[in-house]
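J.: sequence and predicted structure below; questions after.
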Amino acid sequence: MRHLSLDPLVEQAGYGPFQRRLLWVCGLGWAADAMEVMLVSFALPAMAAEWALSAAQKGLLATALFVGMFAGALIWGRISDVVGRKFGFMATIGIDSVFGLLSAFSPNFAVFLVLRMLTGFGVGGTLPVDYAVFAEFLPAKDRGKRLVLLESFWAFGTLAAAGAAWLIVPRLGWRALFAVSALPGLLLFAVRSFVPESPRYLAVSGRGEEALRVIETVARRNGKELKLDASGAEQAADAGQETKSRVLDLFSRELWITTLLLWAIWFFISIGYYGIFTWIPSWLRTKGFSLPAVYPYSYFMALAQLPGYFSAAYLVEKIGRRFTLGIYLAGSGIGALAFSLAVSPVGIVVSALVLSFFALGAWGALYAYTPEAYPTIIRTTGIGSASSMTRIAGMIAPFVGALLAGASLTAALGLFAAAYGIAALAAFLLPHETWGAALEDA
């Protein structure tokens with residue numbers, strides 16, 4: 001594949017008001033998605049009481065969203081590499097918000113499962129598409145830190161879901177929680193229409209002049225002026241030559257090891273994360289906490305995610321993506337083991353906070369590394385395929401957690417701690433460090 005580069009022009013446009021607004025547009029979408037993903041875990045005790053759910057039904061309830069997310073990650077990632085980022089950028093948030101709202105009006109368990117799968121189809125696409133859009137407008141300096149900051153909006157969404165559950169479920173019930181949580185995404189759908197198409201996508205699609213106009217717009221909004229010398233004009237001309245991609249490019253000689261290791265990391269981090277966090281409110285009850293107390297403790301666990309993100313954002317620019325990712329994955333495994341063995345209220349809460357800190361910091365480092373590992377022509381396909389491993393794990397982990405916890409909570413948490421350990425090993429084996437590298441356009 002011929003190497004095309006818009007990096008000198010993106011660097012000239014710099015980082016400024018345009019990217020800061022884009023961070024909020026993408027970030028609030030992530031927060032809305034986090035709410036959709038975490039709602040079931042917070043609403044589950046009330047839903048289980050209303051519908052008299054068995055352990056197997058509880059597992060299906062937590063898994064349904066991930067069935068849709070698996071399809072969404074694969075399909076929307078590929079669509080965005082073929083027809084453009086903006087279409088997926090708008091469609092995915094619209095789908096997950098509409099069906100998320102309809103979930104609140106489910107007349108029975110079966111209808112709710114179908115609506116959650118449709119919600120997941122949108123959520124599964126939002127995550128890889130949003131990340132690619134934001135990354136492709138960023139200059140190289142501090143790109144990793146800013147990508148982790150985008151991921152930190154997941155913690156704000158989790159906090160919002162936990163806080164809303166705490167305030168709404170005891171008073172108005174779980175249906176009101178789902179209805180309220182869908183509203184932010186519906187508002188964002190309109191806002192996203194004002195975000196331009198990615199210039200990197202335009203460049204590799206043979207639309208070099210459009211790419212140049214977008215970068216000029218970004219520069220103007222940042223108070224900068226592009227200086228197009230002879231090399232800059234040549235770059236714009238080169239960007240007019242279309243470059244095609246294939247899914248098999250993920251397994252090219254340069255990428256196959258990275259792809260397989262990333263798939264392993266995404267799978268095992270998700271086994272650990274969704275296996276544990278889907279059931280945190282229920283497992284706190286198993287460990288002796290009353291139902292009213294579950295919601296504030298879940299909220300403070302979500303709060304512990306924020307310093308995890310911010311510390312990871314600092315470290316990815318100081319010690320690199322791979323090393324930060326490996327350390328935080330290992331820390332997550334240790335936190336999970338400590339939570340499984342804790343028996344006192346203080347020990348349970350402290351170990352849960354440590355787990356939250358490292359688990360979400362690891363996600364931030366992983367989302368910083370993945371888009372940088374692939375060239376533009378295959379970037380959202382690469383992120384989407386890796387993200388699909390998360391959805392497979394998300395379908396498996398909650399169900400396994402429900403079944404194992406019924407026999408032994410310690411065994412369930414031990415399994416999830418081991419998953420974090422495998423992910424940490426894969427992170428340390430990644431062949432390339434992307435810290436400070438330019439984004440490849442082809």
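T.: That came through fine.

J.: can you give me the helices in the stretch 251-400 of the chain?
T.: 256-277, 280-286, 291-303, 305-315, 321-341, 345-372, 379-407 (DSSP state H, counting those that start in this stretch).

J.: between the ones you listed, which one is nearest to residue 166?
T.: Proximity to residue 166, assessed across the helices of the stretch 251-400 of the chain by CB to CB, is greatest for helix 291-303 (3.8 Å). For the C-beta atoms, the positions are set from N, CA and C on the backbone; glycine is no exception.

J.: give me the low-pLDDT residue ranges for the stretch 251-400 of the chain?
T.: Within the stretch 251-400 of the chain, the segments meeting pLDDT under 70 span 281-295, 298.

J.: please tell me how far the residue nearest in space to the middle of the chain sits from residue 80.
T.: Taking CA atoms, centre = their mean, the centroid of the chain lies closest to residue 127, which sits 5.0 Å from it. To residue 80, residue 127 is 12 Å away according to CB to CB, to the nearest Å.

J.: which elements pack onto the host helix or strand of residue 93?
T.: Using DSSP states H and E, residue 93 maps to helix 85-103. Applying 3 or more CB pairs under 8 Å, 6 or more residues apart in numbering; DSSP states H and E, we find helix 85-103 packed against helix 17-51, helix 55-82, helix 109-136, helix 174-191.

J.: closest to residue 259 out of those helices?
T.: Closest approach to residue 259 among the helices and strands packed on helix 85-103 is made by helix 55-82 (13.1 Å; CB to CB).

J.: tilt between the closest one and helix 17-51?
T.: Here the directions of helix 55-82 and helix 17-51 differ by 160 degrees (axes from the mean of the first three to the mean of the last three CA atoms, to 10 degrees).

J.: quick one: stretch 356-365 to chain centroid distance?
T.: Its chain's C-alpha centre lies 11 Å from the corresponding centre of stretch 356-365 when counted by CA atoms, centre = their mean, to the nearest Å.

J.: my bad, stretch 97-107
T.: The chain centroid and the centroid of stretch 97-107 are separated by 22 Å under CA atoms, centre = their mean.

J.: show me how far the strand or helix carrying residue 418 is from its chain's centre.
T.: Under the criterion of DSSP H and E, residue 418 resides in helix 409-428. Put simply, helix 409-428 sits 20 Å off its chain's centre (CA atoms, centre = their mean).

J.: just name whatever secondary elements it is in contact with.
T.: Partner elements for helix 409-428 (3+ CB pairs under 8 Å, 6+ apart): helix 256-277, helix 321-341, helix 345-372, helix 379-407.

J.: in the second one, what's buried?
T.: Pointing back at helix 321-341 there. Within helix 321-341, the residues scored as buried using 16 or more other CB atoms under 10 Å are 321-340.

J.: cool, and the first one?
T.: Of the residues in helix 256-277, those buried under the neighbour-count criterion (16+ other CB under 10 Å) are 258-259, 261-277.

J.: just the third one next, same as before
T.: By neighbour count, with 16+ other CB under 10 Å as the criterion, the buried positions of helix 345-372 are 348-372.
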